[in-house]
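Asks: pasting a predicted model and its sequence here:
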Amino acid sequence: MNVNQFDFELPESLIAQTPLTERTASRLLSLDRHTGAVGHHGFRDLADMLNAGDTLVLNNTRVIPARLLGVKADTGAKVELLLLKQLHGDRWETLAKPGKRLKAGAQLAFGDDGTGAPLLRATIVSEGEMGGREIEFSYEGIFQELLDRLGEMPLPPYIKERLDDRERYQTVYAKHEGSAAAPTAGLHFDEPFLDQLRAKGVQIAYITLHVGLGTFRPMSVEQVEDHTMHAEYYELSADTAAQLGRTREQGGRIVAVGTTSARTLETVAGKFPDGQLEACSGWTDIFIYPGYSFKLVDALLTNFHLPKSTLVMLVSALAGQDHVMKAYEEAIGQQYRFFSFGDAMFIY
């Protein structure tokens, strides 16, 4: 299967640069994955599309201010690090810019303690592919406090506008720190709307998947099957495992909010092929593309994704490539807003 089968032309004007003032004010495109029928709605209409007994599965990861701007200690040249994953202690997996100039052993400096000395130092331990670097930090004090002070939200490169309110790149239920990007389908919810869904009888369950390197790396292969996903850490609690089991038994739908939730659910389904889910955690590199048969996910709430991305492939696996490409074409024609701060799509 060629990657170009998932390409489409997107006017740059449709890439949402800022979040809407109200989280629930976005538009919502519905897609019947069986027939390809498309509908146009407001996001709050999702309440009419969910049924009592359905379970909405939300990813409660929290984004860290993972973008650090500093200098090379010897030359003063500007450098940028994107923290992707804490390996152990003060060692991190990162993306570094400019990658070609940052060799193993290079010393980096971030911030100023008021005396001219840096607040945070880093040594490049080893070099990986495509700007990947293993970094070891050294500092005085508490790392998380320094990161909150020095770091910026790691907004995707297609967002050019400055984000003044960091919390608008967090879901209202974000809890467990560890992501380098937000699970953006969840940005549409606020607490009153979640309460409205609960009052209707929709169950709310949480999983955790810390979004990492795969979000920032484009596919570099021509054939879909040749792509390898980067592993990301996930957790499923005993409460959520039990809730999902009850939903299945009672005939409700499991509705994943975002591709991160979908990938976690399908990873867990693979661990427990008999359907008896249990609490678990680990690393997943599951790659879902057309031909995959979903085991837990019945419906998906998601944003509109980049051309030729693994995320477009995942939604195409659920709804069919033809249906998804036609729905995207209609969304572009109807001027929907795309990507992280854009509008939503409900596939059922």
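Replies: Ah, there it is. If you're wondering where the values come from, they're calculated on a predicted model, not measured in any experiment.

Asks: please count neighbours and contacts with C-alpha atoms only from this point.
Replies: Noted.

Asks: count the neighbours of Leu82 for me.
Replies: 25 (other CA atoms under 10 Å).

Asks: my read is that it contacts Gly99, right?
Replies: No: the criterion here is CA atoms under 8 Å, and Leu82 misses it with Gly99 at 11.6 Å.

Asks: got the contact list for the most centrally placed residue in the chain?
Replies: Taking CA atoms, centre = their mean as the criterion, Pro183 is the residue nearest the geometric centre of the chain, at 3.6 Å. Counting by CA atoms under 8 Å, 6 or more residues apart in numbering, Pro183 touches Asn59, Thr61, Thr171, Val211, Gly258, Thr259, Thr260.

Asks: looking at these, which are in helices?
Replies: Thr259, Thr260 (DSSP state H).

Asks: so where do the helices sit in the stretch 1-150 of the chain?
Replies: 46-49, 143-150 (DSSP state H, counting those that start in this stretch).

Asks: what would these look like in TSV with mean pLDDT, mean neighbour count and distance to Met325?
Replies: Putting those into TSV (pLDDT from 0 to 100; neighbours: other CA atoms under 10 Å; distance: least, CA to CA, whole Å) gives the following:
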stretch	mean pLDDT	mean neighbour count	distance to Met325
helix 46-49	98	13	22
helix 143-150	96	14	40
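
Asks: how close does Leu28 get to Phe6?
Replies: From Leu28 across to Phe6, the span is 21 Å (CA to CA, to the nearest Å).

Asks: which one's more surrounded, these two?
Replies: Using other CA under 10 Å as the criterion, Leu28 and Phe6 rank with Leu28 on top: 25 against 20.

Asks: what is the neighbour count of Met130?
Replies: 12.

Asks: torsion angles phi and psi at it?
Replies: phi 50, psi 50 (degrees, to the nearest 10).

Asks: how close does Asn51 get to Gly258?
Replies: For Asn51, the distance to Gly258 - CA to CA - is 19 Å.

Asks: test of understanding: give the bridge partners of Tyr139.
Replies: Leu120 (DSSP bridges).

Asks: hang on, it packs against Ala117?
Replies: No: taking contacts as CA under 8 Å, Tyr139 lies outside contact range of Ala117: 10.8 Å.

Asks: picking up where we left off before, with neighbour numbers in mind, choose between Asn51 and Gly258.
Replies: With neighbours defined as other CA under 10 Å, Asn51 and Gly258 compare such that Gly258 has more, 25 against 16.

Asks: the more buried one: what's it in contact with?
Replies: So Gly258 contacts Leu58, Asn59, Pro183, Thr184, Ala185, Gly186, Leu300, Leu301, Thr302, Asn303 (CA under 8 Å, 6+ apart).

Asks: let's see it at 7 Å
Replies: Pro183, Ala185, Gly186, Leu300, Leu301, Thr302 (CA atoms under 7 Å, 6 or more residues apart in numbering).

Asks: can you read off the pLDDT for the first one?
Replies: Pointing back at Pro183 there. As predicted, Pro183 sits at a pLDDT of 96.

Asks: distance of Ser13 relative to Met325?
Replies: 19 Å.

Asks: not counting its own residues, what contacts stretch 90-103?
Replies: 79-87, 124, 127, 131-137.
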